[in-house]
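1. the sequence isn't on hand, but the structure is:
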């Protein structure tokens, strides 16, 4: 099984508001950068969507270390998910995205690794910029419509 590192971050301007996400997939010396946005969303939704979109880009089962500054995402993956599944995501925020995460992560071994945000972690800073830039593009587009 290939070992992949998935760096991710999400952003929402207004929370809720225009949002974006950024993901960097790394395998050896190869990288794939993914980013996207939504018009009306929250920071946590974008944090989780960044991971989902990264996992969707993988073409075979992998061991995946998800590196995120979101304890919501890392604790969700490592600690809370089994309990949420047992109670069918009742009283869980963003159940649609967590269900999607369960589907796209099925073939992978995923582990969440928390890093402090805005603390000089190179890939986290890159993902943060991707996410903020995507959110700003949406905000500007909405303003100009």
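-> Good, I have the coordinates. Keep in mind it's a predicted model, so treat the numbers as computed, not measured.

2. burial measure for the nearest residue to residue 16 once chain neighbours are set aside, as a count.
-> Distance criterion Cβ to Cβ, 6 or more residues apart in numbering; nearest residue to residue 16, sequence neighbours excluded, is residue 42 at 5.0 Å. Every residue, glycine included, has its C-beta placed from N, CA and C. Each residue near residue 42 was counted by other Cβ atoms under 10 Å, and the total is 18.

3. with residue 33 instead?
-> With other Cβ under 10 Å as criterion, residue 33 counts 13.

4. which strand residues bridge it?
-> residue 24 (DSSP bridges).

5. which ones are touching it?
-> Residues near residue 33 by Cβ atoms under 8 Å, 6 or more residues apart in numbering: 22-25, 130.

6. let me know the closest of those to residue 4.
-> residue 25 (6.0 Å; Cβ to Cβ).

7. run the chain-centre distance for stretch 41-49.
-> 7 Å (Cα atoms, centre = their mean, to the nearest Å).

8. now stretch 99-118
-> For stretch 99-118, the distance to the chain centre is 8 Å (Cα atoms, centre = their mean).

9. lovely, talk soon.
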